[in-house]
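> Dropping a prediction and its sequence here:
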Amino acid sequence: FRRVLFRSLQNLYMPSEDIARNHFEFQKLVNGIQPYTEYHAREGRIKIGYLSPHFCQGENFPATFGMIASHDRNKFEVTCYAVNKNEDVYTNLYRNNVEHFVSVANMNYAQIAEKIHSDKIDVLIDLAGHSAGNVLPVFAYKPAPIQISGLGYYATTGIKAMDYFITDEVVDPPNEHENFFTEKLLYLPSRISYAMREDVPVPQYAPCTKRDYFVFGTICNYSDITDDVLNVWKLLLERVPKSAMLMRAEEFISNSTVDHAYNRMKKLGFNMDKVLFRPAATNYMEEMTHLDLILDPYPKVGGSYTLDAVYMGVPVVSFYGERHDTRA
């Protein structure tokens, strides 16, 4: 078991130096942007702006909503700049818990930057990094005197105009990872914020105490699951004869993806009678009450979905390495 585990880590592990070097290249794409150099003199409350394509339902909600909604309005004036065009009940939760909610979905990079600058934002916070839908070039314009990233993506933006990267001493031990960031590391007690949920069932005792078999679960992107990880999980199923595995991923809404996963795991030697594929669903918090143990993938570990599992009282087994994104 240990040989399989460590061999897989050795094969998959990309050094932090290489990840940083690739991200640093992004600066070349924005070198032609002329940044703002003059800002208003701050008066009264500090104006904080959050820029994101994720002000809607998704895994970022539990990790950002509680933080954004908890600002002391006597000290801070908060504006959300939404890049996402789709809106839902989660969008309304953000909208109703900040003073200003501005859609910038139909603006280009320069227009978004001009809007933020004209709003006299003091601190602009990125909630996407290099994830899908991001508008990182906006930060190259430096529309706010202080710009911060680190929430929503696990590596440096590579942009010199980004001042700080939010982290903690677990994911980025002091004096070890500074060279992997263009930003200055900004240490908090924890980089993770989690919104309390009331729309979920009350956790019960381990489900295996009420049946004669044990259920492993995975809650992650299918693209994060490598053959090396699957080989480890196959050994777990073999070591626990009365066991099954429920694999949940957004990609499993596609029958072709399920067929691909099925054939891939069968080729690796899985007993497919013990594996169940399930697409993402709004009631997945209830579904977790039927799981006995969550298995995190590696080297890219889970994020908000893993926090949801812990919140529901389901134990999680993870494996962390040296890199920031393996220690979340």
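Alright, I've got the coordinates.

> Contacts for the helix or strand containing Val310 next, please.
Per DSSP states H and E, Val310 falls inside helix 304-311. Applying Cβ atoms under 8 Å, 6 or more residues apart in numbering, the contact partners of helix 304-311 are 59-63, 192, 194, 197, 200, 217, 219-220, 284-285, 288, 291, 294, 296, 316, 318. Placement of C-beta: from N, CA and C, glycine included.

> ok, now with 7 Å
The contact list for helix 304-311 (Cβ atoms under 7 Å, 6 or more residues apart in numbering) reads 59-60, 62-63, 192, 194, 197, 219-220, 285, 288, 294, 296, 316.

> what's the following helix or strand after the worst-scoring helix or strand of the chain on mean pLDDT?
Ranked by mean pLDDT, DSSP states H and E, the weakest helix or strand in the chain is helix 2-12, scoring a mean of 47. Next along the chain after helix 2-12, taking DSSP H and E as the criterion, comes helix 16-24.

> Now do that following helix: distance to the chain's middle.
How far helix 16-24 lies from its chain's middle: 19 Å, per Cα atoms, centre = their mean, to the nearest Å.

> same deal with stretch 106-126?
The chain centroid and the centroid of stretch 106-126 are separated by 23 Å under Cα atoms, centre = their mean.

> CA atoms of it as CSV?
The C-alpha coordinates for stretch 106-126 follow below in CSV (Å, rounded to 0.1, in the frame of the first residue of the first chain):
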residue,chain,number,x,y,z
ASN,A,106,-20.6,42.8,-20.1
MET,A,107,-17.5,45.0,-19.6
ASN,A,108,-14.0,44.5,-20.9
TYR,A,109,-10.9,44.5,-18.7
ALA,A,110,-10.2,48.2,-19.1
GLN,A,111,-13.9,49.1,-18.4
ILE,A,112,-14.0,47.0,-15.2
ALA,A,113,-10.8,48.6,-14.0
GLU,A,114,-12.1,52.1,-14.7
LYS,A,115,-15.3,51.3,-12.8
ILE,A,116,-13.4,50.1,-9.8
HIS,A,117,-11.1,53.1,-9.9
SER,A,118,-14.0,55.5,-10.2
ASP,A,119,-15.7,53.9,-7.2
LYS,A,120,-12.6,54.8,-5.1
ILE,A,121,-12.0,51.2,-3.9
ASP,A,122,-9.3,51.1,-1.3
VAL,A,123,-8.7,47.3,-1.3
LEU,A,124,-9.6,45.1,-4.3
ILE,A,125,-9.7,41.3,-3.6
ASP,A,126,-9.6,38.6,-6.3
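
> Strands of the stretch 101-250 of the chain, residue ranges please.
Here the stretch 101-250 of the chain has its strands, by DSSP state E, counting those that start in this stretch, at 123-126, 146-149, 164-167, 184-187, 214-219, 243-249.

> pLDDT averaged over the last one - what is it?
It refers to strand 243-249. Averaging pLDDT along strand 243-249 yields 93.

> now it and helix 304-311, what's the angle there?
130 degrees (axes from the mean of the first three to the mean of the last three Cα atoms, to 10 degrees).

> which residues touch strand 243-249?
Residues outside strand 243-249 that contact it (Cβ under 7 Å, 6+ apart) are 213-222, 233, 237, 274-278, 280, 284, 291.

> partner strands of it, parallel or antiparallel?
When sheet partners are counted by DSSP bridges, strand 243-249 sits next to strand 214-219 (parallel), strand 275-279 (parallel).
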